[in-house]
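S.K.: Test case, fold it:
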Amino acid sequence: MLQLASGPMPAAETCAACGGALHHSFFVLHGGTERFCAACMQSRPRCSGCGAPVGQQHWRLHDSRVLCARCHLVAVYDPAEAATIFAATVASVEQQLGLKLRVGVAFRLVDVPTMTQLRAEGGVASDALQVMGLYQRQGALRMISVLYGLPRLAFRTTVAHEYAHAWQTENCPLLEDDLLREGFAEWVAYHHLRFLGCSRAAEDMRTSSHPYQPMFESVLAIEGQRGIAGVIAHLLAVGRGL
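M.R.: Okay, here's the model as predicted:
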């Protein structure tokens, strides 16, 4: 969820979106450094990647999402590139946390309408949040779907989150606690960021306000008491009814 900070105007500062002078105050997105004027915060389209008001140079995707110039430069559009990053992310999670699947999971890159349709087919109620990834199991089919056009780091954390759900389905068949399920998936994504050396992005997961944060914090508390192996052991115990 977007968080804003405001403050007095530094000398000779301009808005990162419109280039106009910041006369009295400015806004900064959580975790960012760029400053924006109130008019741009209120009226300009927001980048679906970072949440910032877009400038004159921006890209509108065919499913109506908008990307700022910075996010466009690192966005994942090509299916072949996406498949390569997907495989690298899965390998990293397996290496770091030991979360391996006996049966693999397929991957596909989708747009927003397709993601909405997949959620409906799976009986997942729609909400106001933009869903970036989805894991589904239908019979023998196991599939992770991820939105195209995500910035590379968001793409990797989404894959790590959804891969955690795939691991849960295979290894924790009795896990019905949605708070633990989602908290653990965010915890896996968080440790993947740390594995990549993205300490600032990992810290942002801990400090920003987002729907999964309370669940994520509860799993971090378990890690604080029992360590990484203890978190996984706890999930296996709950998920197997032990």
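
S.K.: make it CA atoms for all contacts and neighbour counts henceforth
M.R.: Will do.

S.K.: how far is stretch 142-157 from where the chain is centred?
M.R.: 8 Å (CA atoms, centre = their mean, to the nearest Å).

S.K.: Pull the residues that contact it.
M.R.: 49, 61, 71-72, 74-78, 85-86, 89, 104-112, 115, 132-137, 158-159, 162-163, 166, 189-190, 192-193 (CA atoms under 8 Å, 6 or more residues apart in numbering).

S.K.: Buried ones among the residues you listed?
M.R.: 49, 71-72, 75-77, 85-86, 89, 105, 107, 109-112, 115, 132-136, 158-159, 162-163, 166, 189-190, 192-193 (16 or more other CA atoms under 10 Å).

S.K.: Just to be sure, which of those are found in helices?
M.R.: Under the assignment DSSP state H, the buried ones among the contacts of stretch 142-157 contribute 71-72, 85-86, 89, 112, 115, 158-159, 162-163, 166, 189-190, 192-193 to helices.

S.K.: Tell me which two in those residues are the farthest apart.
M.R.: His72 and Ala166 (28.9 Å; CA to CA).

S.K.: What is the neighbour count of Ala69?
M.R.: When neighbours are counted by other CA atoms under 10 Å, Ala69 registers 16.

S.K.: which is the next helix or strand following the lowest-mean-pLDDT helix or strand in the chain?
M.R.: None of the helices or strands of the chain scores lower by mean pLDDT, DSSP states H and E than strand 4-8, at a mean of 49. Moving toward the C-terminus from strand 4-8, the next helix or strand (DSSP states H and E) is strand 25-29.

S.K.: What pLDDT is listed against the spatially closest residue to Arg194 that is not a sequence neighbour?
M.R.: Spatial nearest neighbour of Arg194, chain neighbours left out: Ala202 (6.2 Å); criterion: CA to CA, 6 or more residues apart in numbering. With respect to pLDDT, Ala202 has a value of 93.

S.K.: in what helix or strand does Ala202 lie?
M.R.: helix 199-207.

S.K.: how about that helix as CSV, C-alpha atoms only?
M.R.: Extracted in CSV, the C-alpha atoms of helix 199-207 (Å, rounded to 0.1, in the frame of the first residue of the first chain):
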residue,chain,number,x,y,z
SER,A,199,18.4,-5.4,1.5
ARG,A,200,16.6,-2.1,0.9
ALA,A,201,13.7,-3.8,-0.9
ALA,A,202,13.6,-6.5,1.8
GLU,A,203,13.4,-3.8,4.5
ASP,A,204,10.6,-2.0,2.6
MET,A,205,8.6,-5.2,2.9
ARG,A,206,8.9,-5.0,6.7
THR,A,207,8.2,-1.3,7.0
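
S.K.: so who does Ala82 touch?
M.R.: 76, 109.

S.K.: mind checking which helix or strand it is in?
M.R.: Applying DSSP H and E, one finds Ala82 within helix 79-97.

S.K.: Convert the C-alpha atoms of that helix to PDB, please.
M.R.: Provided in PDB are the C-alpha atoms of helix 79-97 (Å, rounded to 0.1, in the frame of the first residue of the first chain):
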ATOM      1  CA  PRO A  79       7.900 -14.700 -22.400                       C
ATOM      2  CA  ALA A  80      11.400 -16.200 -22.900                       C
ATOM      3  CA  GLU A  81      13.000 -13.800 -20.600                       C
ATOM      4  CA  ALA A  82      10.200 -14.300 -18.100                       C
ATOM      5  CA  ALA A  83      10.700 -18.100 -18.200                       C
ATOM      6  CA  THR A  84      14.500 -17.700 -17.600                       C
ATOM      7  CA  ILE A  85      13.900 -15.400 -14.600                       C
ATOM      8  CA  PHE A  86      11.200 -17.800 -13.300                       C
ATOM      9  CA  ALA A  87      13.600 -20.700 -13.400                       C
ATOM     10  CA  ALA A  88      16.400 -18.700 -11.700                       C
ATOM     11  CA  THR A  89      14.000 -17.600  -8.900                       C
ATOM     12  CA  VAL A  90      12.800 -21.100  -8.200                       C
ATOM     13  CA  ALA A  91      16.400 -22.400  -8.100                       C
ATOM     14  CA  SER A  92      17.300 -19.700  -5.700                       C
ATOM     15  CA  VAL A  93      14.400 -20.500  -3.300                       C
ATOM     16  CA  GLU A  94      15.300 -24.200  -3.500                       C
ATOM     17  CA  GLN A  95      19.000 -23.400  -2.700                       C
ATOM     18  CA  GLN A  96      18.400 -20.900   0.100                       C
ATOM     19  CA  LEU A  97      15.400 -22.400   1.900                       C
END
